[in-house]
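Participant: Got a sequence here, can you build the structure:
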Amino acid sequence: MNRLDYVVLIATILAIPLYGLWRTRGRASLRQYLKGDASIGWATIGLSVLATQAGPITFLSMPGQAYESGIGFIQNYFGQPLALIVVCAIFVPIYQRLKVYTAYQYLGQRFDRKTQLLGAFLFLVQRGLAAGITIYAPAIVLSALLGWRLNLTIWLAGGLVMIYTVAGGTKVVSITQRYQMIVILVGMAIAFAVAVYRLSPDLSFESTLSVAGKMGKLEAVSFSVDPHKRYTFWSGVIGGFFLALSYFGADQSQVQRYLAGGSLKESRLGLLFNAAVKVPMQFFILLLGAIVFMFYQFEKPPVYFNQPAYQRAAENGYATQLAALQTQFDDVFAQKRAAIRAVSSASPDQRDMAMARLHELEAQARDLRDQTKTVLVQAGVDPKSKESDYVFITFILQQMPHGIVGLLIAVILCATMSATAAALNALGTTTAVDFYRPLIRPNASDHHYVIAAKALTAAWGFVAIAVASFASLVENLIEAGNILGSVFYGSILGLFLAAFFIRGVTGSAVFFAAIIAQALVFILFGMTNIGYLWYNFIGCAAVLIVAPVLQQTIFRSTKAPAGV
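Facilitator: Just a heads-up that it's a prediction; the model follows:
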């Protein structure tokens, strides 16, 4: 990065929060601090909801996911549009009618205090950890490639978000997310255009996509029924539906976004905007990764994209082994480039033989990368995050023009800030409304609760920064966040669906059913390797099955509360 890049980067990430703070200056009531005001319309709600879900992991890791495994990850989102329609039809009207600040207040009104606290507690644990990952994910990659100190990067990103979120509450989060999301969409569109422009002139765009498809990068849908396969149509439609339903219907970080402003119509329009936009946006981000893959079939990539780790291994005495692997990789790359040209020009009867040769060379290249990874592990320098997380940022730094580099780094940081702000806003609100107000200071003034909410938001900011400072990922960054949500979301969703649809159960039955369901998910997560999207379905189904059984056997003498 040069001076122009840093100017673009700093101006972008500072201007939006400063504008948001100017828009929200002045003293706010508790309702204004936690829910905003009528000036927040459907467009702001829609972009805010989109920005909350589309964190830095989406834009940093997802292109690398497609580079490595193809665009099949898109199946994870197949159930989301239907889930958003269900949220609009069922969840939003109830929340708006009851004028709740958090989703878990509804559980307290429908059941009892302990069920409310259980739902809130599960949310706090999951989202508190996820907020740390949201900060850590881009920090570990940016610090490695740009030479920034990791802890300093974490504290700068987390500290800036904490300051403006504490100061302005929900309204400043919604306003900043609107403009941050605009920057993100513009930046990714530019990246897509540059990537297409930089493709090899040896092949037309159509031929490039054809070769990418033959190499397995454009297989968007798999109808496999193998539960161990991570991405399939069925896991996306069923598991993805339950993940999205729990995320948008029962996760306070999203509920708070669409309750901002307080209008049922505006909330629904904002969510329906996401139903229409989310899947196409994710598809183009994954397609960008596939295009970057094809770019590196003609422009020689590094044998290992995490070059700082590679260089440290060489300095630690492993230069000879790495140089030998690099030489072999360069030779395979040259053969593979020739094989791609042969595939594109081969006659139909020769094409199968040419593709077999290309697949053989691609397997050799993957094997050489795996051997390089082993050497780095032996050298004690390899981070636990996947190499694919470094693919897109390497492409940005090496192939984008100056100024655009700064903008795209700003895209990643804007995504970090928007997702983190939503999480801190929700964590502080949930702690203040569901725990502090009813359990510690039930009769304090409105102003006191505003101060308490600000203090608790700041406290969660420090927790998130602490989690990020000590984080050590074992999965691809985008998978880490989704796995964490899948482990907790099913039980939370089960609480809400039981509240909506099982009128004869009491809080005690649902409370213990959720605990049993959560324990079951933990056991399955630790002892099996089924696709993680199924944990949402399993956790939710367990609550809905166990709760009526407990009601009829153990709690049958307890009268169920009237519906809310």
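
Participant: May I see the buried residues of stretch 96-112?
Facilitator: 96, 100-108, 110-112 (16 or more other Cβ atoms under 10 Å). Bear in mind the C-beta positions are built from the backbone N, C-alpha and C, glycine included.

Participant: Pull up the distance across that stretch, start to finish.
Facilitator: End-to-end span of stretch 96-112 (Cα to Cα, to the nearest Å): 20 Å.

Participant: Kindly report the same for stretch 256-268.
Facilitator: Across stretch 256-268, first to last residue, Cα to Cα, it's 13 Å.

Participant: for that stretch, the distance to its chain's centre please.
Facilitator: Relative to the centre of its chain, stretch 256-268 is centred 22 Å away, using Cα atoms, centre = their mean, to the nearest Å.

Participant: Might you list the low-confidence residue ranges for this structure?
Facilitator: 382-385, 471-482, 557-564 (pLDDT under 70).

Participant: from the buried residues of stretch 96-112, which is closest to residue 32?
Facilitator: Minimum distance to residue 32 across the buried residues of stretch 96-112 is 11.6 Å, recorded for residue 101 (Cβ to Cβ).

Participant: Helix or strand: which one has the closest one?
Facilitator: For residue 101, there is no enclosing helix or strand under DSSP states H and E.

Participant: How about residue 201?
Facilitator: Under DSSP H and E, no helix or strand contains residue 201.

Participant: That one - how many residues pack around it?
Facilitator: For residue 201, the neighbour count with other Cβ atoms under 10 Å is 6.

Participant: ditto for residue 38
Facilitator: Residues near residue 38, counting by other Cβ under 10 Å, number 10.

Participant: Quick check: phi and psi on it?
Facilitator: phi -70, psi -10 (degrees, to the nearest 10).

Participant: same check, this time on residue 288
Facilitator: Note on residue 288: backbone dihedrals following degrees, to the nearest 10 are phi -60, psi -40.

Participant: Figure out how far the longest helix seen in the chain is from the centre of its chain.
Facilitator: What stands out as the longest helix in the chain, according to DSSP state H, is helix 150-197. Averaging C-alpha positions (Cα atoms, centre = their mean) puts helix 150-197 14 Å from its chain's average.

Participant: For the stretch 301-450 of the chain, which segments are assigned as helices?
Facilitator: 307-313, 319-345, 348-379, 391-399, 404-430, 446-469 (DSSP state H, counting those that start in this stretch).

Participant: Now the second one: buried residues?
Facilitator: In terms of neighbour count (16+ other Cβ under 10 Å), helix 319-345 has its buried residues at 321-322, 325-326, 328-329, 332-333, 335-337, 339-344.

Participant: contacting residues for the residue sitting furthest away from the middle of the chain?
Facilitator: Residue farthest from the centre of the chain, counting by Cα atoms, centre = their mean, is residue 349 at 44.6 Å. Residues counted as contacts of residue 349 (Cβ atoms under 8 Å, 6 or more residues apart in numbering): none.

Participant: Settle this for me: residue 127 is touching residue 252, isn't it.
Facilitator: Yes. Using Cβ atoms under 8 Å, residue 127 is in contact with residue 252, at 7.4 Å.

Participant: hey, what's in contact with both of those two?
Facilitator: By Cβ under 8 Å, 6+ apart, the residues touching both residue 127 and residue 252 are 426, 427.

Participant: And the residue farthest from the centre of the chain, how close does it get to residue 391?
Facilitator: Between residue 349 and residue 391 the computed distance is 35 Å (Cβ to Cβ, to the nearest Å).

Participant: cool, and residue 279?
Facilitator: From residue 279 across to residue 391, the span is 23 Å (Cβ to Cβ).

Participant: Just want to know which of those two has more residues nearby.
Facilitator: Taking neighbours as other Cβ under 10 Å, residue 279 and residue 391 compare with residue 391 leading, 26 against 16.

Participant: which non-adjacent residue is nearest the more buried one?
Facilitator: Once flanking residues are discounted, residue 391 sits nearest to residue 64: 3.9 Å by Cβ to Cβ, 6 or more residues apart in numbering.
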